[in-house]
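[1] Give me coordinates for this.
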Amino acid sequence: MTKRLDGKVAIITGGVAGIGLGIAECYVREGAKVVLTANHNVDGGHAAVAKLGDDVSLFVQQDVAKEADWQKVIDATIDKFGKLDILVNNAGIGGMSPIIEDLSLADWQRTIDVNLTANFLGEKYGIKAMQKTNDAKGSIINVSSVAGLVGLPTAPAYSASKGGTRMLTHATALNLAHRGIDIRVNSVHPGWIDTAIVPAEAKEQLTKTVPVGHMGEPKDIGEICVYLGSDESKFANGAEFTVDGAQRA
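    Reported below is the predicted structural model:
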């Protein structure tokens, strides 16, 4: 039986835990080979490869905000699997700043670097790799947030970075389409997802803000990313996919 991502190769940044690992698990289940990256969680990277299988997965340590690291990841992907079909720009950092005038420039810049500039770098190097190894075809999925649609008052830098990712997605999709390049670019906007980074004491309160009555799971984001990475979504381009239990309806 043919699987939905048979023969496809994907890079998933921040792919060793939480939402990223959920995406990776769904991708491997559907027949894809995956390259997972993380900057600090090296042990998690090795554990993820052991879980998924080293014949279908690879871990590369990467600081997504560094251009040289992007070239390293692309080279490792092509060396291992021969091409690139899908790029999932998932890596990101949070950060709260209830009082905006107390937000330091350094914290602001680091959030923008990791959550927005890194997505631009991923697109830049991912598009080149798809052009070189995959007949200029592919899919780019930028993982934004509901905070990219409606600002969070206690997280101005995070909201700005996610809103910027949303508009980068639109602009890149149009840029490529107008040039006749068959690489689609879409964004996914998760709501509250139950991962290890959500404090246990906060889950009950957060759940109350979700109309369906429960938080999402990493797999919920993984499944929409399977669709966007597959040929089923060939007419979906420059679009936003909100997965938030009706929180922003």
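
[2] CA atoms for contacts and neighbours, from now on please.
    Will do.

[3] What residues of the worst-scoring helix or strand of the chain on mean pLDDT count as buried?
    Lowest by mean pLDDT, DSSP states H and E among the helices and strands of the chain is helix 200-207, with a mean of 91. By 16 or more other C-alpha atoms under 10 Å, the buried positions in helix 200-207 come out as 206-207.

[4] So what's the gap between it and the chain middle?
    From the chain centre to the centre of helix 200-207 is a distance of 24 Å (C-alpha atoms, centre = their mean, to the nearest Å).

[5] what does the following helix or strand past that helix contact?
    The C-terminal neighbour of helix 200-207 among helices and strands, as given by DSSP states H and E, is helix 218-229. If you take C-alpha atoms under 8 Å, 6 or more residues apart in numbering as the criterion, helix 218-229 is touched by 4-5, 18-27, 30, 86, 138-141, 186, 188, 190, 193-195, 233, 236, 243.

[6] follow-up on the earlier one: now the least confident helix or strand of the chain - C-alpha only, CSV.
    Once side chains and other backbone atoms are set aside, the C-alpha atoms of helix 200-207 remain, and they are given as CSV (Å, rounded to 0.1, in the frame of the first residue of the first chain):
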residue,chain,number,x,y,z
ALA,A,200,1.9,21.1,34.7
GLU,A,201,0.4,23.8,36.9
ALA,A,202,-0.6,25.9,33.9
LYS,A,203,-2.4,23.2,31.9
GLU,A,204,-5.7,23.4,33.7
GLN,A,205,-5.9,27.2,33.2
LEU,A,206,-4.8,27.0,29.6
THR,A,207,-7.3,24.3,28.8
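
[7] now the lengthiest helix in the chain: mean pLDDT?
    As assigned by DSSP state H, the longest helix anywhere in the chain is helix 156-178. Helix 156-178 carries an average pLDDT of 98.

[8] residue at max distance from the center of the protein?
    With distances taken from the mean C-alpha point of the chain and given as C-alpha atoms, centre = their mean, the most distant residue is E101, at 29.6 Å.

[9] Tell me which residues touch the residue nearest to the spatial centre of the chain, please.
    The C-alpha lying nearest the average C-alpha coordinate of the chain belongs to N90 (C-alpha atoms, centre = their mean; 2.1 Å). Listed by C-alpha under 8 Å, 6+ apart, the contact partners of N90 are 12-15, 19-20, 142-144.

[10] change it to 6 Å
    With contact set as C-alpha atoms under 6 Å, 6 or more residues apart in numbering, N90 has these partners: 13-14, 143.

[11] So which of the contacts of helix 218-229 sit within helices?
    18-27.

[12] biggest separation within the residues you listed, which pair?
    The most widely separated members of those are G18 and Y27, with 14.4 Å between them, by C-alpha to C-alpha.

[13] more crowded one of those two?
    Y27 (28 against 17; other C-alpha atoms under 10 Å).

[14] Now that one: closest residue in space, sequence neighbours ignored.
    Once its chain neighbours are removed from consideration, Y27 has its nearest residue in V226; the separation is 6.3 Å (C-alpha to C-alpha, 6 or more residues apart in numbering).

[15] Now do the SS call for G122.
    Counting by DSSP: H, G, I helix; E, B strand; the rest coil, the backbone at G122 sits in helix.

[16] what's the burial count for it?
    Residue crowding around G122 was assessed by other C-alpha under 10 Å; the count is 26.

[17] so what's it up against?
    With C-alpha under 6 Å, 6+ apart as the criterion, no residue contacts G122.
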